[in-house]
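>>> sequence and predicted model, in that order:
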Amino acid sequence: MNPELNIEVENVALPYIVYSEYVLFGNERTVHEDDAVSFEQFKQLNKMLIAQVIAEEDGLQVLPGENEPLIRYVLAKEFNQQLRRNYMSAHSIISNMFSDDIPADIEDLLKLIEKDKARELYHIHGSLVPIGTRSALFKRLYDYIRFEIPLDDLRYILEKLPYVESWKTDIDTNHLLRKTYDHNDSIAYEVPENTEQGLSREQIVLLGHLGLQPKVDQESLEEDQIKLIKALQFFDYLRNRTTHGLEPLRDWIKEHNVAFNAEGSELVSHVRFPLVIPYLQRKLLKKNKLLEAKIKKFF
């Protein structure tokens, strides 16, 4: 119903629904899958050219057969200024939602908008994912980073992973997080010690997970190796928490007669480590691998 014209309007595509299939010309027997492409893909497939009169020294190439030296045909530019205003409007709306402190992950998104960086992340930023699907998103990122990308890219991502030095202290004040830590034998989250003969088997295995080979006659782990191992162990802990859910708490819940659910477990983890997912996204974007991670379905 159109309230202004007081007439029935049928088959109207609502702006807040995304259709995976659609029907053309009212023929319900012919259902088409959504074959739309993004605007970025469209610009690549369809070269939108405009003529510009420019100086010779600009050095742009003339298209084949052109005989006017002062005219170059160049790719049309997006309406950058208008887009910028739109993004800053969104920035203002989000900022005004909070009277005091802004959550760290949302602040991360706002800073990207302020600096006009990583526009590809604006609509799939980690701060926007619903809490109920956050664990599934992290699990996808974890699997992709741990098992699908080259090991040098894994090390690049782990180098500055946030919370590596503080996470063990952060989980001590929450039963849900601490029980997950203890469930898989907490020694798995400790850097193995050397043996009298030099590097231990556990140390060598961890270096292998990182794509590193011990140096000849190396007797102990180096500082940068220890840092990477600690980051990998924290990364693995987050994965284990997601995978095991409330399983580590089964006996504790019965003993203390308390009620928890999976969403609560996700919430307490997110409160302590809100910047992990945005960080992973930014690093993958810098390596041109975010698209390959296939995470848009989580938003």
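Nice, I can see it.

>>> chain neighbours aside, what residue packs nearest to Trp167?
Of all residues not flanking Trp167 in the chain, Phe234 sits nearest, at 5.2 Å (C-beta to C-beta, 6 or more residues apart in numbering). The C-beta positions use only the backbone N, C-alpha and C, and glycine is treated the same way.

>>> and that neighbour, what does it touch?
161, 163-164, 167, 189 (C-beta atoms under 8 Å, 6 or more residues apart in numbering).

>>> ok, so of the residues you listed, who is nearest Asn174?
Trp167 (11.6 Å; C-beta to C-beta).

>>> so what pLDDT did the closest one get?
Among the per-residue scores, Trp167 holds a pLDDT of 96.

>>> next up, the contacts around it.
If you count contacts by C-beta under 8 Å, 6+ apart, then Trp167 has 234, 237, 272-273 around it.

>>> hey, C-alpha coordinates of whichever helix or strand Ile113 is part of in CSV?
Applying DSSP states H and E as the criterion places Ile113 in helix 104-114. The C-alpha trace of helix 104-114 is given here as CSV (Å, rounded to 0.1, in the frame of the first residue of the first chain):
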residue,chain,number,x,y,z
ALA,A,104,37.1,-0.1,21.0
ASP,A,105,36.0,-2.0,17.9
ILE,A,106,33.5,0.7,16.9
GLU,A,107,36.1,3.3,17.5
ASP,A,108,38.5,1.4,15.2
LEU,A,109,35.9,1.7,12.4
LEU,A,110,35.4,5.4,13.1
LYS,A,111,39.1,6.0,12.9
LEU,A,112,39.2,4.3,9.5
ILE,A,113,36.4,6.6,8.3
GLU,A,114,38.1,9.7,9.8
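
>>> picking up where we left off before, so where does the residue nearest to Trp167 fall, helix or strand?
Counting by DSSP H and E, Phe234 is found in helix 223-244.

>>> do Ile149 as well
Per DSSP H and E, Ile149 falls between elements, in no helix or strand.

>>> burial check on the closest residue to Glu219 other than its chain neighbours, number of neighbours?
Excluding its sequence neighbours, the residue lying closest to Glu219 (C-beta to C-beta, 6+ apart) is Gly198, at 4.5 Å. Gly198: 13 surrounding residues under other C-beta atoms under 10 Å.

>>> OK, contacts around Gly198?
Gly198 is in contact with 217-220, counting by C-beta under 8 Å, 6+ apart.

>>> report the separation between it and Leu221.
Note on Gly198: its distance to Leu221, by C-beta to C-beta, to the nearest Å, is 10 Å.

>>> pull up the overlap in contacts between the two.
By C-beta under 8 Å, 6+ apart, no residue touches both Gly198 and Leu221.

>>> pick the one among the contacts of Phe234 closest to Gln225.
Val164 (13.7 Å).

>>> right, and that closest one touches Ala231 too?
Yes: Val164 lies in contact with Ala231 (C-beta atoms under 8 Å); the separation is 4.8 Å.

>>> higher neighbour count, the two?
Ala231 (22 against 18).

>>> give me the spatial nearest neighbour of the more buried one, chain neighbours excluded.
Ala231's closest residue in space is Leu158 (C-beta to C-beta, 6+ apart), at 3.9 Å.

>>> so His118 sits right up against Leu112, yeah?
Actually, residue 118 is Ala rather than His. Yes: with contact defined as C-beta under 8 Å, Ala118 reaches Leu112; the gap is 5.1 Å.

>>> neighbour-wise, which of these two wins?
Taking other C-beta under 10 Å, Ala118 and Leu112 do not tie; Leu112 has more neighbours (20 against 17).

>>> for the chain, what spans make up the strands?
Secondary structure of the chain, counting by DSSP state E: strands at 21-23, 31-33, 49-53, 71-75.

>>> going by mean pLDDT, which of those comes out lowest?
strand 21-23 (a mean of 50).

>>> burial measure for Asn95, as a count.
No, residue 95 isn't Asn; it's Ser. Neighbour count of Ser95, defined by other C-beta under 10 Å: 14.

>>> wait, isn't it in contact with Ile102?
Yes: in this structure, Ser95 is within contact of Ile102 by C-beta under 8 Å, at 7.1 Å.

>>> residues shared between the contacts of those two?
Leu110.

>>> got the CA coordinates for stretch 273-289 in CSV?
This file holds the C-alpha atoms of stretch 273-289, laid out as CSV (Å, rounded to 0.1, in the frame of the first residue of the first chain):
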residue,chain,number,x,y,z
PHE,A,273,39.3,-8.8,22.9
PRO,A,274,37.2,-6.5,20.7
LEU,A,275,40.0,-5.6,18.3
VAL,A,276,41.1,-9.1,17.2
ILE,A,277,38.7,-9.5,14.3
PRO,A,278,39.2,-5.9,13.0
TYR,A,279,42.9,-6.4,13.2
LEU,A,280,42.8,-9.6,11.2
GLN,A,281,40.6,-8.0,8.6
ARG,A,282,43.0,-5.1,8.1
LYS,A,283,46.1,-7.3,7.8
LEU,A,284,44.3,-9.5,5.2
LEU,A,285,43.3,-6.4,3.3
LYS,A,286,46.9,-5.2,3.2
LYS,A,287,47.9,-8.6,1.8
ASN,A,288,45.1,-8.4,-0.8
LYS,A,289,43.6,-11.6,0.7
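
>>> I'm done for today, thanks for sticking with me.
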